[in-house]
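Enquirer: Predicted model follows, preceded by the sequence.
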Amino acid sequence: MQLADALKRLTEEIKRKELINSGDKLILGCSGGADSNALLYLFSRLRHVLNVSLLAVHVNHQLRGEESLADEQSVKQLCLKLNIPLIIRKIDVPQTGNLEGNARKLRFEAFDKVMQSYSFSKILLAHHRDDQVETVFMNLFRGSGISGMAGIKPIYGRVVHPLLCFYRSELEEILREAQISWRNDASNNDNSFSRNRLRNTLIPQITRDYNLGLAEHICNQAEIFDQTDRLMQDKAKKLTKRIALEYAPGKIVLEIAPLKKHFEVEQYYILRQCFRYISGADTDFMTVHFNSIRELMRSDGSKHLDISQGVKVKKLYGELHIYQKEEAIDRHEDELEIYADRTRAVFGDYRFTFKYLKVAPKDLYTDEGAIQVLLDADKIQYPFKIRYRKPGDKFMPFGMKNFKRLKEFFIDEKVPKYDRESVPIMDDGEILFWIVGYRIDERVRYNESTTRFLLLRAESTRIKPKRAANRKKTTRGNDESDEL
């Protein structure tokens with residue numbers, strides 16, 4: 001392949017996909033192999049045209065003894081010849097577990113440290129079209145979705161892959177014309193690695209037996225999947241903000257009902273968008289995480305799960321809370337004092353209303369998601385407090401004649417530990433008369449001699465009040481079902 005043709009193709013690729021901007025400071029990852037040597041050579045010829053600064057980084061994995069040292073020396077000589085500054089980093093790769101995965105993780109950590117130390121903007125890697133074909137096949141075998149079938153992305157965060165418009169054979173031809181040698185890694189012939197078996201055996205066989213143009217077709221399909229993935233990501237950002245009750249860097253709260261109305265693939269992208277926004281990571285949200293969250297949405301009561309990157313998902317009533325740090329209670333709001341003439345209050349995640357009645361209503365109207373209780377107003381001392389639980393709290397649950405520790409009550413009611421700290425409690429100094437959402441105290445229940453009733457109502461602040469037409473009529477008697 002002629003150098004002029006290669007430079008023209010590369011320049012058009014950079015412009016078409018907006019890979020690089022004028023003034024960018026670029027780190028070029030160089031192993032000493034044909035593809036990365038071609039990356040150095042081509043960009044050494046384009047640096048002035050593109051108006052970019054170049055810095056080569058070679059990471060010596062120290063896995064192949066003298067061969068690794070020879071790779072390092074080869075890169076030094078090439079960078080000297082091309083007048084590209086070079087930084088060499090040596091890493092110790094653990095010999096246990098996933099060797100390739102460990103090496104890749106440490107290699108990128110080295111790139112990131114150099115990038116931060118020298119204020120460079122992008123890392124350029126030399127993956128080419130043959131690598132793209134292998135990646136698409138590997139992702140297909142893993143059961144990847146749209147994003148996985150897009151293979152290697154031209155831009156992935158700060159990492160850029162500008163050589164996806166070339167085949168390896170073309171890059172080798174460019175180097176031969178420029179009289180630049182390269183190193184061959186003997187481990188690439190070791191078929192004990194699954195990717196090597198794919199490269200050396202399976203893809204050649206499929207190409208030979210089924211389609212001589214396989215590589216070209218796979219690369220074209222990868223571009224289509226990449227465009228589809230980007231379209232779905234853009235759509236997911238809009239949908240997420242539309243159904244989110246709260247959308248902040250540390251926490252996103254989604255309404256489950258409108259989320260379920262979307263197609264499953266849309267739900268996946270919405271949840272992936274939430275994960276990315278909370279964690280800052282473009283990877284590590286897998287199908288297994290999506291399926292776990294869908295199972296969580298179908299479950300009864302409040303549930304909790306950890307996915308990856310420290311991100312947690314909690315189902316609370318009809319909401320999904322997605323966050324990275326444990327949700328802490330604002331202790332400035334530790335207690336709220338309520339006097340007898342007060343009719344409304346907001347505490348924690350609830351709006352409260354207090355209504356005094358002379359006659360117990362036969363019919364009560366409740367909005368979906370609201371909680372109401374009716375009790376004897378004269379059995380409460382004023383002012384009372386709304387607070388969170390404290391060590392040693394105990395009360396006499398409705399229907400019982402003995403005290404029970406609040407901790408034991410929560411355990412018996414299967415209230416998750418992460419929910420217990422956020423349950424409001426109404427305390428008049430003598431009686432914990434309402435554990436909001438769970439039980440009133442037996443000692444404040446009304447009876448035939450009650451002359452003044454207190455109707456307490458709690459509603460999530462995340463749920464907009466429903467209109468009267470949407471309310472449902474409920475009739476209750478003087479038993480435990482008084483807790484509506």
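Expert: Looks like it came in fine.
Enquirer: Spit out the contact partners of Gln233.
Expert: 269, 273 (CB atoms under 8 Å, 6 or more residues apart in numbering). (Each C-beta comes from the backbone N, C-alpha and C, glycine too.)
Enquirer: Can you tell me how far it is from Arg107?
Expert: Distance, Gln233 to Arg107, by CB to CB, to the nearest Å: 27 Å.
Enquirer: and what of Tyr268?
Expert: Applying CB to CB to Tyr268 and Arg107 gives a distance of 30 Å.
Enquirer: Looking only at neighbour counts, state which of the two leads.
Expert: Tyr268 (23 against 18; other CB atoms under 10 Å).
Enquirer: I'd like the distance between that one and Lys303.
Expert: 19 Å.
Enquirer: Also Val346?
Expert: Distance, Val346 to Lys303, by CB to CB: 26 Å.
Enquirer: neighbour-wise, which of the two wins?
Expert: Lys303 (17 against 12).
Enquirer: Show me the helices in the stretch 151-300 of the chain, by range?
Expert: 168-177, 194-197, 203-209, 214-243, 256-260, 264-279, 287-298 (DSSP state H, counting those that start in this stretch).
Enquirer: and the ones you listed as a markdown table, adding distance to Thr461 and mean pLDDT?
Expert: As requested, the helices of the stretch 151-300 of the chain are exported to a markdown table (distance: least, CB to CB, whole Å; pLDDT from 0 to 100):
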| stretch | distance to Thr461 | mean pLDDT |
| --- | --- | --- |
| helix 168-177 | 59 | 96 |
| helix 194-197 | 52 | 88 |
| helix 203-209 | 57 | 94 |
| helix 214-243 | 17 | 94 |
| helix 256-260 | 17 | 93 |
| helix 264-279 | 21 | 93 |
| helix 287-298 | 21 | 90 |
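Enquirer: Can you add distance to Pro94 and give those back as a markdown table?
Expert: Conversion of those to a markdown table gives the following (distance: least, CB to CB, whole Å):
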| stretch | distance to Pro94 |
| --- | --- |
| helix 168-177 | 29 |
| helix 194-197 | 19 |
| helix 203-209 | 30 |
| helix 214-243 | 32 |
| helix 256-260 | 41 |
| helix 264-279 | 25 |
| helix 287-298 | 25 |
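Enquirer: right, so those helices: which one is the most enclosed?
Expert: Sort those by mean neighbour count, taking mean count of other CB atoms under 10 Å, and helix 264-279 sits at the top with a mean of 20.
Enquirer: Specify the angle between it and helix 214-243 in degrees.
Expert: 70 degrees (axes from the mean of the first three to the mean of the last three CA atoms, to 10 degrees).
Enquirer: Against which helices or strands is helix 264-279 packed?
Expert: helix 214-243, strand 251-255, helix 256-260, helix 287-298, strand 319-323 (3 or more CB pairs under 8 Å, 6 or more residues apart in numbering; DSSP states H and E).
Enquirer: Any chance of these in a markdown table with distance to Tyr446 as columns?
Expert: Output for those, formatted as a markdown table (distance: least, CB to CB, whole Å):
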| stretch | distance to Tyr446 |
| --- | --- |
| helix 214-243 | 41 |
| strand 251-255 | 35 |
| helix 256-260 | 35 |
| helix 287-298 | 38 |
| strand 319-323 | 33 |
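Enquirer: Nearest to Lys379, out of the helices of the stretch 151-300 of the chain?
Expert: Among these, helix 256-260 comes nearest to Lys379, with 37.9 Å by CB to CB.
Enquirer: still on that earlier bit, out of the helices of the stretch 151-300 of the chain, which gets nearest to Leu3?
Expert: helix 168-177 (6.3 Å).
Enquirer: what about that closest one, distance to the chain center?
Expert: 40 Å (CA atoms, centre = their mean, to the nearest Å).
Enquirer: what does stretch 309-326 give?
Expert: So, by CA atoms, centre = their mean, the centroid of stretch 309-326 is 11 Å from its chain's centroid.
Enquirer: what does that stretch contact?
Expert: 245, 250-257, 259, 271, 274-275, 278-279, 281, 284, 293, 296-297, 299, 301-307, 327, 369, 418-419, 460, 462-463.
Enquirer: One more: stretch 59-69?
Expert: In contact with stretch 59-69 (CB under 8 Å, 6+ apart) are residues 29, 31, 71-72, 88-93, 99, 103, 106-107, 110-111, 185-187.
Enquirer: what's the neighbour count on the nearest residue to Asp349 once chain neighbours are set aside?
Expert: What sits nearest to Asp349 in space, not counting adjacent residues and going by CB to CB, 6 or more residues apart in numbering, is Thr461, at 5.4 Å. Thr461 has 12 neighbours, counted by other CB under 10 Å.
Enquirer: how near is Thr461 to Ile206?
Expert: 58 Å.
Enquirer: Kindly report the same for Ile218.
Expert: In terms of CB to CB, Ile218 sits 10 Å off from Ile206.
Enquirer: and if you look at Lys260?
Expert: Where Ile206 is concerned, Lys260 sits at a distance of 40 Å (CB to CB).
Enquirer: hang on, isn't the residue nearest to Asp349 packed against Phe347?
Expert: No. Using CB atoms under 8 Å as the test, Thr461 is too far from Phe347 to be in contact (9.5 Å).
Enquirer: Using the record, which stretches count as separate domains in this structure?
Expert: 3-126+161-210, 228-323, 331-482 (automatic domain parsing).
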